[in-house]
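A.B. asks: coordinates only, no sequence provided:
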């Protein structure tokens, strides 16, 4: 179905925000599902389907339905809310609505006990094409997926290591081309070829620090719905590799994952607990 100001909003996402087609499609899915629900379940809006008749209670009822009947995850909740927020913010700033029905709604906090999640590895293609997520966050996820630790990819000169890595996934290749366009001005500013650089000119220390990277990661964490601390991302990678390669010997696993015997045993026991 169509929703109000659909074409204008699509043009805004594509032409002004420069979002990838797949990302625009996720917005379309969120909005069409939302308005379909309103027409089917909210009598006041169905009787007179104008934005002026859409209330915060309608939005809350929609999310209550998603949680109770569809059992959506925290990450899905936060992503849909982010899509609705951007839509209504667009309408409000363009004076197409007088009220902002998602203004008081907030994303769900992440459960600190659920730090390790491997789902992002299956969602990585979508995340890499999502311009709502900062480039530094997306590169961190890509490098974590390929087994690098934060101590490795924040090192000066890591770009030489990445140059030697064979990337075959077309979405990953496309993202790296976009990343090069993003980082090139900072490289010119800092006179450095490194991949994680500070925004302000610092000739003596141009590389982004671990603490600096975490600021970007924290900004994206609620939106994505899982912990973005690089140590947990690396643990996700290790657990996924262990599950994929059960046929390998302990020695082969230690070589492949760069683990000592104690660390390998720890991850093997952790994998059993999570299954």
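C.D. replies: Looks like it came in fine. These figures come from a predicted structure and were not determined experimentally.
A.B. asks: going forward, measure contacts and count neighbours with C-alpha atoms only.
C.D. replies: OK.
A.B. asks: got the buried residues for the one helix or strand residue 160 maps to?
C.D. replies: Residue 160 is part of helix 158-164, with elements assigned from DSSP states H and E. Applying a neighbour-count criterion of 16 or more other CA atoms under 10 Å, one finds residue 159 buried in helix 158-164.
A.B. asks: and after it, which helix or strand comes next?
C.D. replies: Beyond helix 158-164 toward the C-terminal end (DSSP H and E), the next one is helix 170-190.
A.B. asks: what packs against that next one?
C.D. replies: helix 119-128, helix 135-145 (3 or more CA pairs under 8 Å, 6 or more residues apart in numbering; DSSP states H and E).
A.B. asks: what's the first helix or strand after it?
C.D. replies: Going down the chain from helix 170-190, the next helix or strand is helix 210-224, by DSSP H and E.
A.B. asks: any buried residues in that next one, and which?
C.D. replies: 213, 214, 216, 217, 220, 221, 222, 223, 224.
A.B. asks: re earlier: give me whichever of the helices and strands packed on helix 170-190 is most buried.
C.D. replies: Of all those, helix 135-145 carries the top mean neighbour count, a mean of 21, counting by mean count of other CA atoms under 10 Å.
A.B. asks: show me what that helix is packed against.
C.D. replies: For helix 135-145, the packing partners by 3+ CA pairs under 8 Å, 6+ apart are helix 119-128, helix 170-190, helix 210-224, helix 230-244.
A.B. asks: how many other residues sit next to the spatially closest residue to residue 49 that is not a sequence neighbour?
C.D. replies: Of all residues not flanking residue 49 in the chain, residue 39 sits nearest, at 7.5 Å (CA to CA, 6 or more residues apart in numbering). Neighbourhood size, residue 39 [other CA atoms under 10 Å]: 15.
A.B. asks: same thing with the one 4 residues further on?
C.D. replies: Counted with other CA under 10 Å, residues neighbouring residue 43 total 11.
A.B. asks: pLDDT wise, what is it at?
C.D. replies: pLDDT recorded at residue 43 is 83.
A.B. asks: is the residue nearest to residue 49 in contact with residue 53, as I believe?
C.D. replies: No. With contact defined as CA atoms under 8 Å, residue 39 does not reach residue 53; the gap is 11.7 Å.
A.B. asks: just to revisit the earlier point, what is the strand or helix carrying the residue nearest to residue 49 packed up against?
C.D. replies: Residue 39 belongs to helix 21-41 when assigned by DSSP H and E. Helices and strands touching helix 21-41, by 3+ CA pairs under 8 Å, 6+ apart, are helix 43-47, helix 56-68, helix 74-93.
A.B. asks: please identify the most buried of these.
C.D. replies: The highest mean neighbour count among those, using mean count of other CA under 10 Å, belongs to helix 74-93: a mean of 18.
A.B. asks: how far does it sit from its chain's centre?
C.D. replies: With CA atoms, centre = their mean, to the nearest Å as the basis, helix 74-93 stands 14 Å off its chain's centre.
A.B. asks: how about stretch 162-178?
C.D. replies: Worked out by CA atoms, centre = their mean, stretch 162-178 lies 18 Å from the chain centre.
A.B. asks: show the end-to-end separation of that stretch, please.
C.D. replies: Distance between the boundary residues of stretch 162-178 (CA to CA, to the nearest Å) amounts to 15 Å.
A.B. asks: which parts of the chain belong to which domain?
C.D. replies: Annotated domains of the chain cover 6-93, 119-244 [automatic domain parsing].
A.B. asks: dump those to CSV, plus distance to residue 99.
C.D. replies: As requested, these are exported to CSV (distance: least, CA to CA, whole Å):
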stretch, distance to residue 99
domain 6-93, 7
domain 119-244, 23
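A.B. asks: mind telling me which of those domains the model trusts least?
C.D. replies: domain 6-93 (a mean of 87).
A.B. asks: what's the span of that domain, first residue to last?
C.D. replies: 16 Å.
A.B. asks: re earlier: residue 271 is nearest to which of the helices and strands packed on helix 21-41?
C.D. replies: helix 74-93 (22.3 Å; CA to CA).
A.B. asks: mind listing residues that contact the closest one?
C.D. replies: Applying CA atoms under 8 Å, 6 or more residues apart in numbering, the external contacts of helix 74-93 come out as 9, 27, 30-31, 63, 97-103, 106-108, 110, 222-226.
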